[in-house]
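S.K.: All I have is the shape, not the residue letters:
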């Protein structure tokens, strides 16, 4: 990169007066001013004079300023700025403790105490009095911790560290870092859509959670299947079944409570809880199937209601068409009515739920009251009120075509309503309090009722009854068995006998699903309870599905569904989601094949429960400081056990449905992972990734290095990562998924370091690397010169064992045109690398490496962000084909950005990703060749060779790097050819020895060439070219006085002495000869990897060493000069 030319304003700033005053007026800060700008004026003029020189801004500007200031700082109980006492009129009183201050009269207390005023801190320097003193430092305030557009209050921004710490004439760094405080665009839109809080319906824990959960958990199972389960499993096993289901739901309820109390909960229910805990991959997959499950559940519950209605009509000889079509007609009418209630608003839906709960509770009490009233007419149906013998008879199981697990599978769906309250989390006044309290209390109450009904029915109803009056035997007759005998009934005649498929009894626990109607005090109330249970569950699912789906749509995880995320009205009702849910439910009602889909729906719910439990385990395992739920009654291992239990129950209910559910979840997970939605929710996945990385990094430090585990870990001096794409891509080829790559960038700053831009670059370039699928880290440093910055990187880059061991440079093509001090610095980098025991790699392309001066070259990777910088001082007209005076080289040493500006602003501007349809400035031929060459390693390499010139044993790095490159997919068509030095009379022996060594190293090769003519004298024209190359850099001490020669050598240490030329004549000739051999054997290679010659530090001048590297690598295909640190990196031992 070229050095920027400073602006005149920056080089010659205006004189600064000595005094201080505070700028209260004006139309807002300029880009170079802070929110707390202090102007410098003559001290003798005083503060009042300073204020008098200011002029008030027009009213329009003030309105604009007030809008800009909104959301910055809120001042409570301060005088209205529009009142008689204006803050603008207050005189400044000086400084205290380095902070700008405001006079006491400007901030008088307001007697109102309820009005909040936005105080324009862009044009004023004070907003608050802390501890009775004048200071801009802020005291702790909840509003500082709110997210942008937070629904519960105004987001305030505390003074930044730069505003409190930086010099007063410096622009404060207000950008900061993204830390997840701000809402995503979807969440912000949801908050904006919610509108004014006036009139919004918010529910408490009873109406919002407890009522819904109780209605959903009880359901129709309580009235028409509970007695059958008791008949099959007996009282004991039935209680065990209920207890297991309760354990699963209680663990899930505790996990739900833990997640819900670990921060503010928005709408979305199970999807929101899982996605914000485990990330969008699990959340997105569960959100979709959970919303679908709720939509189909509407159909299940409505069909259950319709079947009951049609059965009652059939008993009264009332039919419309036939049984199936009657169910469809009644179901369609019912779901339309439920849709109308839902669309009318949450308030109407909540009222309907309360009415249904009242009916349901009445039906339950009606049953229990009836169970205590013995009625002789009911005895023939098997009801004899409470009797110990009946209870004992029903204590054990009596499975008929069923097993314990099949009965459990039938019962467990009754427990899947525990998220009914959490699903409307966005409509709860205080979700953090309501969800734990309402959910757990609902689980406790419903479990007690289920156990009570199980014990009650088992204690007063026999398993089989004929429905006929038993007067056909005398008490004490031996043939009568069973507890009904003492009441004069013999039901043994219709019991299931060996060899029979079905019992002839029509009543009793085993045979009559409506037996609770017989027991109850008033039978029709049980039917009303069934209606209430089915309709309430259907209504809850009809509300839950759109709410969950709306949250999923707004997060934009799946394409094409955002249309359904739009909310309407004060409660942000998802009307489009209601219509979609209605259509899905209606379709399944008309299909009327719910027996097949029912197990899948139950498994969808269980998958959600399993992931909620796993979320708590995962978050606890990650041990993130952000995991601080106020609900403390959970344990990570219990949550893990709950997750495993849910998975087990899935397979118990239906194994094929469980497999199908897992396949669907996994498929959606893979899709979302592939899509990589651009969200950052601070999930436990991120926390656990960090925890594991930290743990493993520390574990690595405790393990000694071993040759078999050696990996090339490269510090690549790329400068800006996109300025040398060929260097980045080639190194990435042999480090991707193998070793570490750190992109080093030395930013030279002779004056105040521009930390703001350095921090911005760290974020921007790391994002660029990620978006380009480059597995590398970007590490910039500030330094006074390139060598110092490189030394910083050589010493400090990396972490523990994840530390570079190889330095990679681009060849300095312009070394003959640039200042020779740069050559001295470049060669010293190589010496420093060897001093720090680094390996050394230098890449040379004949066209060059640095493409930073080519405008618009950054759009080759479909970037989301802007990352390439164009030096605006080079060409003001945008013609990048005209390089500046210091940009004649297209390939320099590691990118250096000079930072000589007083105001800290870098002379670089971001280049937006250009529109591919827009016309582009044509490149000159040299730049076009450079751009093509820079992209050659991004493409698949055709059939060719990678030529390895392993002339000197450096530990094997010269051989390992081409092996790693040739194993990559893009290089798989390239064969490795090995060239070694040898003697003419031992060529076959040397070839066999090298073949044996490569075979032991398990490295495939296509050919081995032994060069026996390395030491032949080079051609005369090659010698003449080398002599001409070094001529400008010779000291020629024989032609001057000794003192003058020594002085010149001290001032210009890169000079080549005559003695040095003579001493290293043989080595120079070897480099010349090797270049001739390279042109002869490897001129068509895709890549050359060659042992780099070494120069003894302090003995070989920089110019001579540079001339060796130049001569060796000139006019060749891409060439890597490699020299390991002479520690073995290859071994043939196991």
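M.R.: Nice, thanks for sending it over. Please read these numbers as outputs of a predicted model, since none were measured by experiment.
S.K.: which stretches of the stretch 701-850 of the chain form helices?
M.R.: 725-735, 755-771, 786-796, 820-835 (DSSP state H, counting those that start in this stretch).
S.K.: So which of the ones you listed is nearest residue 1014?
M.R.: Nearest of the helices of the stretch 701-850 of the chain to residue 1014, taken as CB to CB: helix 820-835 at 23.1 Å. Using the backbone N, CA and C atoms, a C-beta is placed for each residue, glycine as well.
S.K.: tell me the mean pLDDT for the closest one?
M.R.: For helix 820-835, mean pLDDT is 91.
S.K.: Now do the buried residues in it.
M.R.: For helix 820-835, the neighbour count (16 or more other CB atoms under 10 Å) marks 820, 822-834 as buried.
S.K.: got it, and stretch 808-822?
M.R.: 808, 809, 810, 811, 812, 813, 814, 815, 816, 818, 820, 822.
S.K.: Mind listing the residues bridging to the first one?
M.R.: When bridges are taken as DSSP bridges, the partners of residue 808 come out as residue 716, residue 841.
S.K.: What distance do you get for the nearest residue to residue 804 once chain neighbours are set aside to residue 1133?
M.R.: Of all residues not flanking residue 804 in the chain, residue 715 sits nearest, at 3.8 Å (CB to CB, 6 or more residues apart in numbering). Per CB to CB, to the nearest Å, residue 715 is found 29 Å from residue 1133.
S.K.: neighbour-wise, which of the two wins?
M.R.: residue 715 (28 against 6; other CB atoms under 10 Å).
S.K.: now the more buried one: how far from residue 996?
M.R.: 34 Å.
S.K.: Tell me the first helix or strand C-terminal of the helix or strand harbouring residue 364.
M.R.: Taking DSSP states H and E as the criterion, residue 364 maps to helix 346-371. Later in the chain than helix 346-371, the nearest helix or strand by DSSP H and E is helix 388-393.
S.K.: Tell me where the stretch 951-1100 of the chain has strands.
M.R.: According to DSSP state E, counting those that start in this stretch, the stretch 951-1100 of the chain carries its strands in the segments 974-981, 1007-1011, 1087-1091.
S.K.: actually the stretch 801-950 of the chain, not the one I wrote
M.R.: Under DSSP E, counting those that start in this stretch, the stretch 801-950 of the chain gives strands at 806-810, 839-844, 869-871, 908-910, 944-949.
S.K.: And those strands: which comes nearest residue 587?
M.R.: Evaluated over those, closeness to residue 587 peaks at strand 908-910, with 51.2 Å, by CB to CB.
S.K.: Output the contacting helices and strands for the helix holding residue 364.
M.R.: helix 211-218, helix 323-343, helix 431-460, helix 515-519, helix 523-554 (3 or more CB pairs under 8 Å, 6 or more residues apart in numbering; DSSP states H and E).
S.K.: Mind listing what's buried along the fourth one?
M.R.: Within helix 515-519, the residues that count as buried by 16+ other CB under 10 Å are 515, 516, 517, 518, 519.
S.K.: circling back to that earlier point, compare the helices of the stretch 701-850 of the chain and give me the one nearest residue 660.
M.R.: Of these, nearest to residue 660 by CB to CB is helix 755-771, at 35.1 Å.
S.K.: Residue 1131 against residue 960, yeah?
M.R.: No: the pair residue 1131 / residue 960 is not scored as a contact, 11.0 Å apart, by CB atoms under 8 Å.
S.K.: More neighbours: the two, which one.
M.R.: More crowded of residue 1131 and residue 960, by other CB under 10 Å: residue 960, with 22 against 13.
S.K.: May I have the residues that are in contact with residue 965?
M.R.: The contact partners of residue 965, taken as CB atoms under 8 Å, 6 or more residues apart in numbering, are 730, 733, 734, 946, 971, 1087.
S.K.: Export these to CSV and append columns for distance to residue 265.
M.R.: Converted to CSV, the contacts of residue 965 look like this (distance: CB to CB, whole Å):
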residue, distance to residue 265
730, 49
733, 47
734, 48
946, 57
971, 51
1087, 56
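S.K.: Can you lay out the residues you listed as JSON lines showing distance to residue 570 and pLDDT?
M.R.: Shown next, in JSON lines, are those (distance: CB to CB, whole Å; pLDDT from 0 to 100):
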{"residue": "730", "distance to residue 570": "60", "pLDDT": "91"}
{"residue": "733", "distance to residue 570": "58", "pLDDT": "90"}
{"residue": "734", "distance to residue 570": "61", "pLDDT": "89"}
{"residue": "946", "distance to residue 570": "69", "pLDDT": "93"}
{"residue": "971", "distance to residue 570": "62", "pLDDT": "90"}
{"residue": "1087", "distance to residue 570": "67", "pLDDT": "93"}
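S.K.: Of those, which is the nearest to residue 201?
M.R.: Residue 201 lies nearest to residue 733 out of the contacts of residue 965, by CB to CB, at 60.2 Å.
S.K.: how many neighbours does that closest one have?
M.R.: Counted with other CB under 10 Å, residue 733 comes out at 22.
S.K.: That one touches residue 939, doesn't it?
M.R.: No: in this structure residue 733 lies outside contact range of residue 939 using CB under 8 Å: 11.6 Å.
S.K.: Can you pull the residues that touch both of those two?
M.R.: By CB under 8 Å, 6+ apart, the residues touching both residue 733 and residue 939 are residue 970.
S.K.: start to end distance for stretch 1008-1028?
M.R.: End-to-end distance of stretch 1008-1028 (CA to CA, to the nearest Å): 35 Å.
S.K.: Equivalent analysis for stretch 738-758, please.
M.R.: End-to-end distance of stretch 738-758 (CA to CA): 29 Å.
S.K.: tell me the mean pLDDT over that stretch?
M.R.: 83.
S.K.: buried stuff in it?
M.R.: In stretch 738-758, counting by 16+ other CB under 10 Å, buried: 739-749, 754, 756-758.
S.K.: Report pLDDT for the closest residue to residue 321 other than its chain neighbours.
M.R.: Excluding its sequence neighbours, the residue lying closest to residue 321 (CB to CB, 6+ apart) is residue 329, at 7.4 Å. We have a pLDDT of 90 for residue 329.
S.K.: And residue 701, by the same measure?
M.R.: Looking at residue 701, its pLDDT is 86.
S.K.: what's the answer for the one 10 residues further on, then?
M.R.: At residue 711, the predicted lDDT confidence score is 88.
S.K.: before we move on, what about residue 90?
M.R.: 37.
S.K.: out of the buried residues of stretch 738-758, which are inside strands?
M.R.: Among those, the members found in strands (DSSP state E) are 741, 742, 743, 744, 745, 746, 747, 748.
S.K.: Nearest spatial neighbour of the fifth one, chain-adjacent residues omitted?
M.R.: Which is residue 745. residue 780 (4.1 Å).
S.K.: tell me the phi and psi of residue 1105?
M.R.: phi -60, psi -40 (degrees, to the nearest 10).
S.K.: Residue 1023 versus that one, what's the distance?
M.R.: 18 Å.
S.K.: which helices and strands does whichever strand or helix holds residue 1108 pack with?
M.R.: Assessed by DSSP H and E, residue 1108 sits inside helix 1102-1113. Helices and strands touching helix 1102-1113, by 3+ CB pairs under 8 Å, 6+ apart, are helix 820-835, helix 1020-1030, helix 1065-1081, strand 1119-1123.
S.K.: tell me the angle of it relative to helix 1020-1030?
M.R.: Inter-element angle recorded for helix 1102-1113 and helix 1020-1030: 140 degrees (by axes from the mean of the first three to the mean of the last three CA atoms, to 10 degrees).
S.K.: Do me a favour and average the pLDDT over helix 1102-1113.
M.R.: For helix 1102-1113, the mean confidence score works out to 92.
S.K.: heads up, I number from 18, so please use that
M.R.: Understood, numbering begins at 18; the last thing we discussed is helix 1119-1130.
S.K.: Can you pull out the residues in contact with it?
M.R.: Against helix 1119-1130 from outside (CB under 8 Å, 6+ apart): 828-829, 832, 837, 840-841, 843-845, 847, 859, 861, 1042-1043, 1046-1047, 1050, 1070-1073, 1077-1078, 1081, 1084-1085, 1088-1089, 1091-1092, 1095, 1107, 1109-1110, 1112, 1136, 1138.
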